[in-house]
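Asks: Provided below are the primary sequence and the corresponding predicted coordinates.
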Amino acid sequence: MSDTTAVKKKAGRITRHNKYGYIFLLPFMIVFIIFQLIPLIETIYYSFFEKYMSGLTQIGPNFVGLQNYGKLLTGGELGKYFANTMIMWVAGFIPQIVVSLLLAAWFTDPSLRLKGQRFFKTVIYLPNLIMASAFSLLFFTLFSTVGPIHSIAASLGLINSSFDFMQNTASVRTLVAMMNFLMWFGNTTILLMAGMMGIDQSLFEAAEVDGATAGQIFWKITMPLLKPIFIYVLITSLIGGLQMFDVPQILTNGDGAPARTSMTLIMWLNKHLYSKNYGLAGALSVILLIITAILSIIVFKVTASDEVKKG
């Protein structure tokens, strides 16, 4: 009987202490509901309505069902801007993950005994602290027709003096990818380093004793154990890529030049919001949410296939 009473008292204390966890969660839940859940529900609701400005006249809201979705899916622009977004994201993510893996491997390899690691870690992370707008303005100034890089390249005969970096599809996409790479490779390096430092060093020592090369250790031990962090980096980078806005927006003055080949999905969404076409903007937001969810699930299923099978 005494044991039963003790168990009940212990359970009661645990229950009383649990309430503090809910109290600490309360501010987050309030902020989430007010600033995320309610706006999301309203966005989905208004996506079924016709609501826009025609001059100074407010049209709607008039219920139109799935008409807004039909316009977006059949117009051809959705596929074009989605392709633009993915091309610029992939072009920036591939060098980002390669450089980050190399740096993380070097910084976490005790045999190299690199000096000044703290300094270099700080330096590579600094671009992540710079505002994207500042980065975009800097690159716009450097690569404009009167910028220093344009002048140097033209004087060396690398480009024609009339060449405009901002009116060439390849150059604009390359600049956007380069800026995204510079801003985010430091953050990715820190995440991968954290994952590598969590791997048991005895595994590497055992592999070296068995005669494994550095390449074999990296691909057979480091990468499989780093997969959870790698999946996290890949999915978060994909979501960030689909939300790409500030860099191409400022670099091309919101036009997606040339001929909207650098127009992203969020830039297109911003066009609808700027013209106060809230119905189409809401529908595009929902479609973007669905695309992000589908791609994230596909990436997770593909990259985590081994873990899923084992489970």
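Replies: Yes, it's here.

Asks: and the helix or strand hosting Tyr81, average pLDDT?
Replies: Secondary structure from DSSP states H and E places Tyr81 in helix 77-108. Taken as a whole, helix 77-108 has an average pLDDT of 94.

Asks: buried sites along it?
Replies: 78, 81-82, 84-89, 91-93, 96-97, 99-101, 103-105, 107-108 (16 or more other Cβ atoms under 10 Å). Yep, even glycine has a C-beta here, placed from its N, CA and C like the rest.

Asks: Packing partners of whichever strand or helix holds Gly240?
Replies: Assigned by DSSP H and E, Gly240 belongs to helix 223-242. Under the contact definition 3 or more Cβ pairs under 8 Å, 6 or more residues apart in numbering; DSSP states H and E, helix 223-242 sits against helix 77-108, helix 169-197, helix 278-303.

Asks: Specify the angle between that helix and helix 169-197 in degrees.
Replies: With axes from the mean of the first three to the mean of the last three Cα atoms, to 10 degrees defining the directions, helix 223-242 sits at 140 degrees from helix 169-197.

Asks: my read: Ala177 touches Gly92, true?
Replies: Yes. Counting by Cβ atoms under 8 Å, Gly92 is a contact partner of Ala177 at 3.7 Å.

Asks: Now for these two: what residues contact both?
Replies: Common neighbours of Ala177 and Gly92, using Cβ atoms under 8 Å, 6 or more residues apart in numbering, do not exist here.

Asks: Just name whatever secondary elements the helix holding Tyr81 is in contact with.
Replies: helix 117-125, helix 169-197, helix 223-242, helix 265-274, helix 278-303.

Asks: For Leu66, which of the helices and strands packed on helix 223-242 is the nearest?
Replies: Leu66 lies closest to helix 278-303 among the helices and strands packed on helix 223-242, at 8.5 Å (Cβ to Cβ).

Asks: Find the nearest non-adjacent residue to the residue nearest to the spatial centre of the chain, please.
Replies: When Cα atoms, centre = their mean is applied to the chain, the residue found nearest the centroid is Gly240 (1.9 Å). Residue nearest to Gly240 in three dimensions, not counting chain neighbours: Trp184, with 7.7 Å by Cβ to Cβ, 6 or more residues apart in numbering.

Asks: For that neighbour, give its distance to Phe143.
Replies: 20 Å (Cβ to Cβ, to the nearest Å).

Asks: quick one on the thing from earlier: didn't the residue nearest to Gly240 look like it was pressed against Ser237?
Replies: Yes. Using Cβ under 8 Å, Trp184 is in contact with Ser237, at 7.2 Å.

Asks: Which neighbours do those two have in common?
Replies: Jointly contacting Trp184 and Ser237 under the rule Cβ under 8 Å, 6+ apart are Gln96.

Asks: Skipping adjacent residues, who's closest to Ile87 in space?
Replies: Arg173 (6.2 Å).

Asks: you'd agree that neighbour is up against Thr261?
Replies: Yes. In this structure, Arg173 is within contact of Thr261 by Cβ under 8 Å, at 7.3 Å.

Asks: between those two, what contacts are shared?
Replies: In contact with both Arg173 and Thr261: Asn84, using Cβ under 8 Å, 6+ apart.

Asks: which of the helices and strands packed on helix 77-108 has the lowest average pLDDT?
Replies: When the helices and strands packed on helix 77-108 are compared on mean pLDDT, helix 117-125 scores lowest, with a mean of 84.

Asks: Buried ones in it, by neighbour count?
Replies: Using 16+ other Cβ under 10 Å as the test for burial, helix 117-125 gives Lys121, Ile124.
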